[in-house]
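>>> Pasting a predicted model and its sequence here:
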Amino acid sequence: MSRRAESAVLPRVAVIGAGSWGTTFGKILADGGAHVTMWARRPELATEINEAKRNSGYLPGINLPRSMTATARLSEALDGAEQVYLSIPSQALRENLTALRSLVEGTDAPLVSLMKGVEKRTGLRMSQVIEQELACDPARIAVASGPNLALEIAREQPTAAVISSVSQETADAVARRARNSYFRTFVNTDVIGTEFGGVLKNLIAVAIGIVDGVGYGENTKASIITRGLVEMTDFAVAQGAHPETLQGLAGLGDLIATCQSPLSRNNTAGRLLGQGYSFQDVVKQMNQTAEGLASVAPVLQLAREAGVEMPIVEQVKRVLDGTMKPRDIAPHLTTDDDTPKGERTQNGQAGGGGALWRSLQRTLDQFRHGGGRPSRDQS
Ligand SMILES: NC(=O)C1=CN([C@@H]2O[C@H](COP(=O)(O)OP(=O)(O)OC[C@H]3O[C@@H](n4cnc5c(N)ncnc54)[C@H](O)[C@@H]3O)[C@@H](O)[C@H]2O)C=CC1
Ligand SMILES: O=C(CO)COP(=O)(O)O
């Protein structure tokens, strides 16, 4: 069979957005057996993907599969797509969905958000923006999240992720499509927890970057990561998430990856702030999306409305605003009152460590014994 004929029989999927994560996810899907059409905003990038099988600006040194093509025309990207993946900066999603609406209206293809931000103006998660703008059934929407630094996955380093949808059927269908020998997907139905895990770990990664830039060491960072997980859990649970989700891949898993890696743009942005650059300078220097910077204000607004304390995120905001010196961030790991504070480790309860351990154990077991059916990221 010719290559063109071979490609014609593969299931077709579309990826909207050809930045570092969209392109990496396209490679995951293509390596998992799909024909992938990327939508790139710039026609010259679509040409590079088609002709050189490269996206040199975002993924230097990575060869893309032959079954991955690209176009700058949305209608062409969506033609015949059985699943549609969305990967553009969160603040630009809504405007792009307007153009997409008529193209996905007549189909029942699952719509999968790969994004990790909340909309600044409305405080909405990306799945909510999709539901609103495309006026579609939430059961058709899924989100993907987890410790997923794009360049590592593009280099085919083994990684796990979670696919979440209120519909188990949709989560399973997406998880089956989005997997291959180096990318393993688990499933859950806690969309709120899965999405907020990805959003909130970005904010903690900015804090980690800040103290790294200042020159503080591992104790400070471990303290922020641990207390950060408490903040993430309290916030997400108040929004309706299951606490276990925050201990899974989309919470703790992503928090570890993002806080540890110099590949993280949020971590990098924080480091520049810690080194003394102003917020404006940092934005100028970043040529890729650091979602955390735009999510701080809407997350704090939601936290205030829900009565949740987020001392670390509050301090990140003050550093961004220029009202707190980066080196002052660490002494304020908890609130400043005189009363000694209990160390809550899980949703207001001391002693959540047992649940955390059981959850980690389950994840490891699932990884080890992973079979044909997508496994749950929690039970
Ligand atoms: N890069 C990573 O390792 C990961 C990123 N993500 C999430 O994926 C989402 C996309 O991020 P990346 O691909 O990393 O960002 P990126 O900065 O690498 O690429 C963004 C893409 O969106 C395009 N774009 C920018 N403004 C646009 C607009 N107004 N309209 C349409 N397209 C526009 C850019 O041309 C580029 O192709 C973010 O929400 C991020 O948090 C999630 C997991 C991993
Ligand atoms: O979400 C990510 C890893 O899971 C990528 O993090 P950054 O957006 O900070 O690069």
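The structure has been received and is ready for your questions. Remember, predicted model here, so these are calculated numbers, not experimental data. Residues are numbered from 1 along each chain as shown. Ligands and ions are numbered 1, 2, ... in the order given.
>>> who in the stretch 101-250 of the chain is up against ligand 2?
By the rule Cβ under 6 Å from any ligand atom, the part of the stretch 101-250 of the chain lying against ligand 2 is 116, 147-149, 202, 205. Every residue, glycine included, has its C-beta placed from N, CA and C.
>>> What is the burial count for the residue lying closest to residue 307 once chain neighbours are set aside?
With sequence-adjacent residues excluded and distances taken as Cβ to Cβ, 6 or more residues apart in numbering, residue 307 is closest to residue 238, at 7.4 Å. For residue 238, the count of nearby residues is 16 (other Cβ atoms under 10 Å).
>>> need the contact list for residue 238.
Shown in contact with residue 238 (Cβ atoms under 8 Å, 6 or more residues apart in numbering): 303, 306-308.
>>> mind running it again at 10 Å?
196, 302-303, 305-308, 347 (Cβ atoms under 10 Å, 6 or more residues apart in numbering).
>>> Just the ones of those residues in helices?
The members of those that map onto helices under DSSP state H are 196, 302-303, 305-306.
>>> And those residues, which is closest to residue 91?
Using Cβ to Cβ, residue 302 is the member of the ones in helices among the contacts of residue 238 that lies nearest residue 91, at 16.3 Å.
>>> before we move on, the earlier item: Serialize the residues of the stretch 101-250 of the chain next to ligand 2 to a markdown table and add fields for neighbour count.
Shown next, in a markdown table, are those (neighbours: other Cβ atoms under 10 Å):
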| residue | neighbour count |
| --- | --- |
| 116 | 29 |
| 147 | 21 |
| 148 | 26 |
| 149 | 22 |
| 202 | 27 |
| 205 | 30 |
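>>> Inside helices: which ones of the residues you listed?
202, 205.
>>> filter the residues of the stretch 101-250 of the chain next to ligand 2 down to the ones near ligand 1?
Among those, ligand 1 is touched by 116, 148-149 when using Cβ under 6 Å from any ligand atom.
>>> So which of the residues you listed belong to strands?
With strands taken from DSSP state E, there is no overlap with these.
>>> Among the ones in helices among the contacts of residue 238, list the two that are farthest apart in space.
Across the ones in helices among the contacts of residue 238, no pair lies farther apart than 196 and 305, at 14.3 Å, counting by Cβ to Cβ.
>>> Report the buried members of the ones in helices among the contacts of residue 238.
The neighbour-count test (16 or more other Cβ atoms under 10 Å) marks 196, 302-303 as buried among the ones in helices among the contacts of residue 238.
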